[in-house]
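Novice: give me coordinates for this.
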Amino acid sequence: MKYAIIGAGPAGIEAASVLAAHGKEVTLFEKAPSPLKNIADKAFLFPNFAPADEMVQTLDKKLQNELITVLYDTEITDLSRVALTGTVESYGDYAATMPQSSFAIPSEWKLTDAKGHTYFANKVLVTTGYTPFDAHRKEELGYGIYKGIHTSIEMEKMIRHKLFFLMIRRPPRRIVFLQCVGSRDEKSGNHYCSKVCCVTAVKQAIEVKKLLPNTDVFVFYMDLRMWGQGFEEMYRQSQETYGVRFVRGRISEASGTFDGRVQIKAEDTLMGLPMKMTTDLLVLMVGMEASEGTRQIGHSCNICGDYGFIHTIDPHLQDNLTSHKDLYAAGTCKRPMSLTDSVNDARAAALAMLDS
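Specialist: Sure thing, here's the model as predicted:
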């Protein structure tokens, strides 16, 4: 039995590890030259602020298994079901165990990469993950136009490598976080919640205050959605211990000032009043979108669901199963998830592959 996993993120690696622990040989395909692209530059993980490097190292160790083969720089662009060649008689015991009327020619999955190479597997798990929303699409927020406007992905790198002074060349007096950039947004076409942006803003705000205790930090939000265990406590701690201020409102426009700062126009929706504010850094909390790899696989197998994510049979008891036999999905290729949820979902998918 050949097992294949498309995508070497946390979900793909965790699923491969579970399959290998059950004695199964697994081939893991990754289009990048290294694994764990979406967490490699993270600083700390919520809610316990564990160093992201610890997670990366733990997952890397799981790849050091003789039953797991990883093919880097290998982008799977097409996935199709193909019948095995031969006659009914040539399948021997397989055919003999089935009534002639119900016998079907065995088939397997054909995986084709961007270079035209083909691979074959009996069972395939899709873990192609997500891509961050491109903030350039929100022109009114000035990303890529004015200095001092960055995404939450870039902010994570700034925290990890302590690049604040390099980026703005002076101690920041104020930093503003804006929630729901590319999520719950009719203009961008994404009506769904990306689930982790709220808690990521709270985490990053606390990290900023630890590094720069004299900097004022504001978080602009529509609604705060603290989904997981310990998240609500982080939110309270950010206010009570670190003095982070939360403003219920939307920023309608951001522009540069003559002295290199950022001026924002917003509305305080609790007070019902317009407001202006000047900040050294504006951080856009970008949501999750289906990755290009997720969209390609989804379209090639006709399992593409809402917003380009992979569609599974049922969100409750068959959430790792697709409409095709022996084709499974796990992690953020299905919908936005936290890292914890993605890893747990991958374990469930691996067990579903073993059970069927």
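Novice: for residue 301, see how far away the nearest residue to residue 303 once chain neighbours are set aside is.
Specialist: Leaving aside its sequence neighbours, residue 303 sits nearest to residue 322 (C-beta to C-beta, 6 or more residues apart in numbering; 4.8 Å). For the C-beta atoms, the positions are set from N, CA and C on the backbone; glycine is no exception. Per C-beta to C-beta, to the nearest Å, residue 322 is found 7 Å from residue 301.
Novice: equivalent analysis for residue 213, please.
Specialist: 52 Å.
Novice: the two: who's more crowded?
Specialist: The neighbour comparison of residue 213 against residue 301 (other C-beta atoms under 10 Å) goes to residue 301, with 20 against 9.
Novice: right, and the residue nearest to residue 303 touches residue 310 too?
Specialist: Yes: using C-beta atoms under 8 Å, residue 322 is in contact with residue 310, at 7.0 Å.
Novice: using CSV, write down the CA coordinates of stretch 291-304.
Specialist: In CSV, the C-alpha atoms belonging to stretch 291-304 read as follows (Å, rounded to 0.1, in the frame of the first residue of the first chain):
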residue,chain,number,x,y,z
SER,A,291,-3.3,28.5,-1.4
GLU,A,292,-2.7,28.1,-5.1
GLY,A,293,-1.8,24.4,-4.6
THR,A,294,-5.1,23.9,-2.8
ARG,A,295,-7.0,25.5,-5.6
GLN,A,296,-5.1,23.4,-8.3
ILE,A,297,-5.7,20.1,-6.5
GLY,A,298,-9.3,21.1,-5.8
HIS,A,299,-10.1,21.8,-9.4
SER,A,300,-8.2,18.8,-10.8
CYS,A,301,-10.3,16.4,-8.6
ASN,A,302,-13.5,18.4,-8.6
ILE,A,303,-13.4,18.8,-4.8
CYS,A,304,-13.1,22.6,-4.7
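Novice: now do it: distance to the chain's middle.
Specialist: Averaging C-alpha positions (C-alpha atoms, centre = their mean, to the nearest Å) puts stretch 291-304 16 Å from its chain's average.
Novice: which residues touch it?
Specialist: In this structure, residues lying in contact with stretch 291-304 by C-beta atoms under 8 Å, 6 or more residues apart in numbering are 6-7, 31, 75-80, 126, 128-131, 290, 305, 308-311, 322-324, 327, 329, 333.
Novice: so for that stretch, what gets flagged as buried?
Specialist: 291, 293, 294, 295, 296, 297, 298, 301, 303, 304 (16 or more other C-beta atoms under 10 Å).
Novice: likewise for stretch 238-246?
Specialist: 238, 242, 244, 246.
Novice: what of stretch 248-260?
Specialist: Buried-residue list, stretch 248-260, by 16+ other C-beta under 10 Å: 249, 250, 251, 254.
Novice: over to stretch 11-25?
Specialist: By neighbour count on 16+ other C-beta under 10 Å, the buried set for stretch 11-25 is 11, 12, 13, 14, 15, 16, 17, 18, 19, 20, 24.
Novice: quick one: residues contacting the nearest residue to residue 9 once chain neighbours are set aside.
Specialist: Residue nearest to residue 9 in three dimensions, not counting chain neighbours: residue 129, with 4.7 Å by C-beta to C-beta, 6+ apart. Taking C-beta under 8 Å, 6+ apart as the contact definition, residue 129 lies against 7, 9, 11, 38, 291, 293, 294, 331, 332, 333.
Novice: and which of those is nearest residue 113?
Specialist: residue 293 (11.1 Å; C-beta to C-beta).
Novice: is it fair to say the closest one lies in a helix?
Specialist: Yes: counting by DSSP: H, G, I helix; E, B strand; the rest coil, one finds residue 293 located in a helix.
Novice: and the pLDDT at it?
Specialist: At residue 293, the model reports a pLDDT of 96.
Novice: now swap in residue 163 and tell me
Specialist: pLDDT for residue 163: 77.
Novice: and the closest residue to it other than its chain neighbours, what element?
Specialist: Spatially, and ignoring its direct neighbours in sequence, residue 163 is nearest to residue 157 (6.9 Å; C-beta to C-beta, 6+ apart). For residue 157, the element it lies in under DSSP states H and E is helix 152-161.
Novice: neighbouring contacts of that helix?
Specialist: 41-44, 52, 132, 150, 163-164, 167, 177, 197, 200-201, 204, 207-208, 211, 281, 283-286.
Novice: now the host helix or strand of residue 346: average pLDDT?
Specialist: Here residue 346 sits within helix 339-355, counting by DSSP H and E. Averaged over helix 339-355, pLDDT sits at 97.
Novice: hmm, who's touching it?
Specialist: With contact meaning C-beta under 8 Å, 6+ apart, helix 339-355 is reached by 3, 9-12, 14-16, 18-19, 22, 24, 39, 45, 55, 123, 125, 127, 228, 319-321, 328-332, 334, 337.
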